[in-house]
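>>> return a 3D structure for these sequence lines:
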Amino acid sequence: MTVGLRNGTIKMFIRVATGHICDRLLSYGKGQQITVCLHILRRIIFLDHKGRKRRKHMTNLELQKMANEVRKGIVTSVHSAKAGHPGGSLSAADMFTYLYFEEMNIDPKNPKMEDRDRFVLSKGHTAPGYYAALANRGYFPVEDLKTLRHLGSYLQGHPCMQETPGVDMSSGSLGQGISAAVGMALAGKLDNKDYRVYTLLGDGEIQEGQVWEAAMFAGARKLDNLVVIVDNNGLQIDGKVEDVCSVYPIDKKFEAFNFQAINVDGHNFDEIRAAMQKARETKGMPTAIIMHTVKGKGVSFMENQAGWHGKAPNDEEYEIAMADLKKIDEQLEKAGEV
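Model (predicted):
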């Protein structure tokens, strides 16, 4: 993990430094030949192999700030709806943020871009977190999060690909999303496309047999363009996962189906970044990232409480939750001043 992160940091430093050198040489360069050569060099450095402009990488602090905005969106939308699933949305907020602001090749102005990376929210009930990430990324106005589950809103309790910009697959019935993601990954291979497919599952969800049918197929077909992410917050609607029907060890189960399995702290962007990089570098097998998280992360009275799996905060609880998230904002601002 550390080596992958170090290499990524070095590559980013070289790219930035070389860009500055190009700028200085262009300002002093004499003649058409050196100017043309340096413009070509800049293109190599700042464009990917398809000629797309590379997005600027976000720092961990920037990602943390955005994740907190996603959490605010979750709390606000579920409170407004008076229904929904805040616990698992909050635990996955950091991963939603990393996927949509750092990892995936997407364009909010062109949601159906043919070569975009795909995402399937297999645990569809955590749509509040998904919607908050999409809104903050620019797919639709953040203000619309307050319409969650309202009649006539395009933001319903589970994602709908026909209604919501940025949603690649409708989901809701647990265990089925990963099958759709596997199909997308296989289609990419058959069509010789280089897009990647990501899917997010809950740890309680992987009690569903269909999950393992999909995993067996993905491993057998060596779908190295697929990343399966499991949100292991340890809780499901009826209590602790290990008490209801233990799914452990999760990593060994995926490894048995020819997956590379990586365990990470789901609230640590360094570990998430390193895992995603390792997934990109791995050939001949899909990757499963098991992220260990805190259900209800960021809201004091929701953390590690199964009761907040599918319950909305009342007005008083909403104020406390938003105050908790405001404190996190203040802490992150102070961290940025150091």
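
>>> from now on I want contacts and neighbour counts done on CA atoms only, so please keep to that.
Fine.

>>> tell me how the protein divides into domains.
2-46, 60-292 (automatic domain parsing).

>>> residue 309: what's its closest spatial neighbour, skipping adjacent residues?
residue 87 (4.8 Å; CA to CA, 6 or more residues apart in numbering).

>>> which residues touch the one you found?
The contact partners of residue 87, taken as CA atoms under 8 Å, 6 or more residues apart in numbering, are 295-297, 302-303, 305-306, 308-310.

>>> make a markdown table from those residues and add pLDDT to it.
Below are the contacts of residue 87 laid out as a markdown table (pLDDT from 0 to 100):
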| residue | pLDDT |
| --- | --- |
| 295 | 98 |
| 296 | 97 |
| 297 | 98 |
| 302 | 97 |
| 303 | 97 |
| 305 | 95 |
| 306 | 94 |
| 308 | 94 |
| 309 | 96 |
| 310 | 95 |
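
>>> now those as a markdown table including neighbour count?
Putting the contacts of residue 87 into a markdown table (neighbours: other CA atoms under 10 Å) gives the following:
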| residue | neighbour count |
| --- | --- |
| 295 | 27 |
| 296 | 26 |
| 297 | 23 |
| 302 | 21 |
| 303 | 18 |
| 305 | 18 |
| 306 | 21 |
| 308 | 21 |
| 309 | 24 |
| 310 | 17 |
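
>>> now, which of those residues sits nearest residue 154?
Of all these, residue 154 sits closest to residue 310, with 20.2 Å by CA to CA.

>>> excluding chain neighbours, give the residue nearest to the closest one in space.
residue 85 is the one closest to residue 310 (CA to CA, 6+ apart), at 4.1 Å.

>>> mind checking how far that neighbour is from residue 235?
Distance, residue 85 to residue 235, by CA to CA, to the nearest Å: 13 Å.

>>> over to residue 92?
In terms of CA to CA, residue 92 sits 13 Å off from residue 235.

>>> which one's more surrounded, those two?
residue 92 (32 against 25; other CA atoms under 10 Å).

>>> in the chain, where is pLDDT below threshold?
Within the chain, the stretches with pLDDT under 70 are 1-55, 338.

>>> mind listing the strands for the stretch 1-150 of the chain?
For the stretch 1-150 of the chain, the strands defined by DSSP state E, counting those that start in this stretch occupy 118-121.

>>> can you put the domains of the chain in a markdown table and add distance to residue 330?
Below are these laid out as a markdown table (distance: least, CA to CA, whole Å):
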| stretch | distance to residue 330 |
| --- | --- |
| domain 2-46 | 27 |
| domain 60-292 | 10 |
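
>>> deepest of the ones you listed, which one?
domain 60-292 (a mean of 21; mean count of other CA atoms under 10 Å).

>>> compute the first-to-last residue distance for that domain.
End to end - CA to CA - domain 60-292 spans 18 Å.

>>> try stretch 282-293
Start-to-end, stretch 282-293 (CA to CA) is 24 Å.

>>> do the same with stretch 142-158
18 Å.

>>> which residues touch that stretch?
73, 76-78, 80-81, 83-84, 124-128, 131-132, 135-136, 163-164, 170-172.

>>> likewise stretch 160-179?
So stretch 160-179 is contacted by 108, 111-112, 118-125, 134, 139-140, 154-155, 158-159, 180, 199-201, 205-206, 208-211, 214, 228 (CA under 8 Å, 6+ apart).

>>> ok so residue 184 is a strand residue?
No - judged by DSSP: H, G, I helix; E, B strand; the rest coil, residue 184 forms no part of a strand; its state is helix.

>>> and the closest residue to it other than its chain neighbours, what is it in contact with?
In this structure, residue 184 finds its nearest non-sequential neighbour in residue 197, 7.0 Å apart by CA to CA, 6+ apart. With contacts defined as CA under 8 Å, 6+ apart, residue 197 is in contact with 117-120, 181, 184-185, 225-227.
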